[in-house]
Every structure is written in C-alpha cells, then in structure tokens.
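Visitor: Just a sequence and a predicted model for now, questions to come.
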Amino acid sequence: MGTHETAAEIETAAHLWVVRLDREGETPTLLAELEDWLAADTRRQGAFLRAQALWLKLDRAALGADAYTPPVQARVSRRQVMGTFGAAGLAVGAGAIAAGLGYLWLGMGDPEVTTARGEVRHTPLADGSTVDANTSTHLTVALRRSVRRIRLTAGEAWFQVEKDPDRPFIVEAGLARVRAVGTAFSVRRLEDAAEVFVSEGIVRAWAQGDESHAVQLVAGERAILRRAVPVHVSQSGLKEIERKLSWREGRIELGGETLAEAVQEFNRYNSREIVIADPALARKRFYGVFRTGDVEGFARSVHTSMNVSAVISEKKIVIGDYPREDANVT
C-alpha cells in the first residue's frame, strides 16, 4: 500500500499489525516489516499508536482492569514506536478483534474537546485530522463509518481535515453546517450566526434545513450564516484570514479594527475586563500585534498612540475615562 491510501485504510492496516504482533510475537522479521510499513507514510505512525491504545482499551474491558499485564516496551528501530503488545499481555480472541475494529469505526465514545478562557488547544483526531480549539470552546467528535461529524456547541475551532472522500467531514455549529473532504477552515459560533473562514481547499456551507441554498467557499473566502437569511460570502484573502486566525499562535493581530472590536477580542481571552468609557473613542481604528493575554500592553499602547487615559486595576481596565489633557496610566 502506498501514499494513495485513505485514512480509513491506514487505520485498518494498523489494527492488523497489532493483531499480528499479538499472534506471531515480536520477532526480528516482523519488527523489520513493521518498520518498513511505518517508514512509507508518516500517517501510519500515528495510526499504529492509536491502534495500540484501542487494543489496550479492549483488552482491559475484556479481562478486567486487575487482569491487565503491562505491555512490553519494545522499540521499533529509530522510529521509537513504543509499547507493542506481547502475546502474554493480550488474550482477546478473533471475535474481540472484529469488535475492536468496529469500535474504532464507531468513534470511541464521541470524545470532547473543551478549552477554558484564554486556552488554545491543538488536538489530533483518530482519522488523521486535527483541531485547534480557541478560547472558551466546546465540541464533540463523532467518527463514523460513512461520516465524520463535529458538533461545535460553543466557541471557535480551526480544522485541518485529512482527505477521505468516502467519509465527508461535517461541522455543525448551531444552525450552520459546513462540509469538507480534505481542506482547512475555521468555524466560530456567534450569538445568532456562525462565521466560516476557509484557509485551504473548498468547503460547502449552508443553514440547517436549507441545504438547497448551500454555497461553495474556496480558500481566502469568509461566510456568515444566519437562519432564514442568504449566506453572505466575502473575499477576505488568505493573508487576512491568516491574520484572523493568529489566535492559533496565541496572538491578536489588529489590522484596522475599531477599538470596540479590539476590546471585544481581548475580553474573549481574559477575566480582567477592558472597558471603553468614551463612545467616540470606541469607533477609532487601531493597529498592532499583541499576545492574547497582554491586556496591560494593549491598554498602554492605546494610551500612548491615542493620548487617552488608561486606568489599570486588578479587576478592570478603563480606557478613555479622562479628558485628553489628563491622559494617564495608573
């Protein structure tokens, strides 16, 4: 098998390798064959480790946690794929093997990804895709035989999708539906809508119950989806989308947003709230690059560049509360 394999084929082959190691033992010949298989495609290494983890999970379920024998810590040459199971450590028969493969396809209990305020988390999925979850995000993952489904119940996430034409990748975010095969895009839940940015490939987006009016989005495009309203698509450009997705590296890049929009963005990541006291100031445009948690640095930058006050305390930061001639930072 070569690099044309689908993720599903690689996952199945990885499970068969674990079965062979159990049945035949860790012979030099078999380990050499395994090393060659792993070396041919980097995706196989992750699939093999996932297959081992699932095998362990099934073994513990079949024998009981107390009956578990620790796996042999075997090294597969320079690849350092650890933990191949010896025959003495596993006693699950052919029926459990088939059940194990089915268990993998059914999604291992629909795992969840949750981030706290200010936290950004990178999570690999069992199909080879990855998820970057932004601050205050919650999603569930369901990998099935015919579909991969993500339910985004709060926050924002960026998805790098492993191509698998037989299993479309669908994100549900409130009323929004976004479908991809192999691409990269983000989805953010808003109060009454969802925002989609496409950074690679092509996706299809629509509002729940209205797939007949779905739109196709290509890399560099942005869409807003609302109920009973046509999907609004705009051409943002890849550079602008990468700026909007700078949260993946722990940054906020401001490229002319209003001060009100900038403050709203900072408040997503920090418990210390920033408040703009002057409505006129809130409409002014601002530029700069900051760490997501650097609220004081942002406030001081606004103070310096706009000559307005910035009162900093442990619980709150108030910008523009004093006349310009009294501007200060405390």
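Guide: Happy to help now that I have it.

Visitor: For the helix or strand containing residue 262, list every residue counted as buried.
Guide: Take DSSP states H and E as the rule and residue 262 turns out to sit in helix 259-269. Within helix 259-269, the residues that qualify as buried by neighbour count (16 or more other Cβ atoms under 10 Å) are 259, 262, 263, 265, 266, 267, 268, 269. Bear in mind the C-beta positions are built from the backbone N, C-alpha and C, glycine included.

Visitor: The spatially closest residue to the fourth one that is not a sequence neighbour: helix or strand, and which one exactly?
Guide: By that I understand residue 265. Closest residue in space to residue 265, ignoring its immediate chain neighbours: residue 252 at 5.5 Å, by Cβ to Cβ, 6 or more residues apart in numbering. Assigned by DSSP H and E, residue 252 belongs to strand 251-258.

Visitor: so what secondary structure elements neighbour that strand?
Guide: Packing partners of strand 251-258 (3 or more Cβ pairs under 8 Å, 6 or more residues apart in numbering; DSSP states H and E): helix 238-244, helix 259-269, strand 285-291.

Visitor: Apply 7 Å and report the result again.
Guide: Judged by 3 or more Cβ pairs under 7 Å, 6 or more residues apart in numbering; DSSP states H and E, strand 251-258 is in contact with helix 259-269, strand 285-291.

Visitor: Sheet-wise, list the partners of that strand with their directions.
Guide: Counting by DSSP bridges, the strands paired with strand 251-258 are strand 285-291 (antiparallel).

Visitor: Output stretch 273-287 as CSV, restricted to C-alpha atoms.
Guide: Backbone C-alpha positions of stretch 273-287 (Å, rounded to 0.1, in the frame of the first residue of the first chain) are rendered in CSV as follows:
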residue,chain,number,x,y,z
GLU,A,273,-12.4,43.2,31.5
ILE,A,274,-11.4,46.1,29.4
VAL,A,275,-13.9,48.9,29.2
ILE,A,276,-14.0,51.9,26.8
ALA,A,277,-15.6,54.9,28.6
ASP,A,278,-15.8,57.2,25.6
PRO,A,279,-18.1,56.1,22.8
ALA,A,280,-16.3,58.3,20.3
LEU,A,281,-13.0,56.6,21.1
ALA,A,282,-14.6,53.2,20.6
ARG,A,283,-15.1,53.9,16.9
LYS,A,284,-11.5,54.8,16.2
ARG,A,285,-9.3,52.3,14.2
PHE,A,286,-6.4,50.6,15.8
TYR,A,287,-3.3,48.5,14.6
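
Visitor: quick one: average confidence on that stretch?
Guide: If you average the pLDDT over stretch 273-287, you get 95.

Visitor: got it, and stretch 146-166?
Guide: Per-residue scores along stretch 146-166 average to 94.

Visitor: Show the end-to-end separation of it, please.
Guide: Start to finish, the residues bounding stretch 146-166 are 7 Å apart (Cα to Cα, to the nearest Å).

Visitor: Could you do stretch 35-47 as well?
Guide: Stretch 35-47 has an end-to-end distance of 14 Å (criterion: Cα to Cα).

Visitor: buried stuff in the strand or helix carrying residue 317?
Guide: Counting by DSSP H and E, the element that carries residue 317 is strand 316-319. Using 16+ other Cβ under 10 Å as the test for burial, strand 316-319 gives 317, 318, 319.

Visitor: what about the spatially most central residue of the chain, helix or strand, and which?
Guide: Taking Cα atoms, centre = their mean as the criterion, residue 131 is the residue nearest the geometric centre of the chain, at 1.6 Å. Using DSSP H and E, residue 131 sits within strand 130-133.

Visitor: circling back to that earlier point, so which of the buried residues of helix 259-269 comes closest to residue 297?
Guide: Using Cβ to Cβ, residue 266 is the member of those that lies nearest residue 297, at 10.2 Å.

Visitor: quick revisit: tell me the helix or strand right after the helix holding residue 262.
Guide: Counting by DSSP H and E, the next helix or strand C-terminal to helix 259-269 is strand 273-276.

Visitor: Assign a three-state SS to the nearest residue to the residue nearest to the centre of the chain once chain neighbours are set aside, would you?
Guide: Spatial nearest neighbour of residue 131, excluding adjacent residues (Cβ to Cβ, 6+ apart): residue 123 at 4.7 Å. Put simply, residue 123 is strand when judged by DSSP: H, G, I helix; E, B strand; the rest coil.

Visitor: tell me the contacts of residue 123?
Guide: Residue 123 makes contact with 113, 130, 131, 133, according to Cβ atoms under 7 Å, 6 or more residues apart in numbering.

Visitor: For whichever strand or helix holds the first one, buried residues please.
Guide: Following DSSP H and E, one finds residue 113 within strand 112-114. Of the residues in strand 112-114, residue 113 count as buried by neighbour count, 16+ other Cβ under 10 Å.
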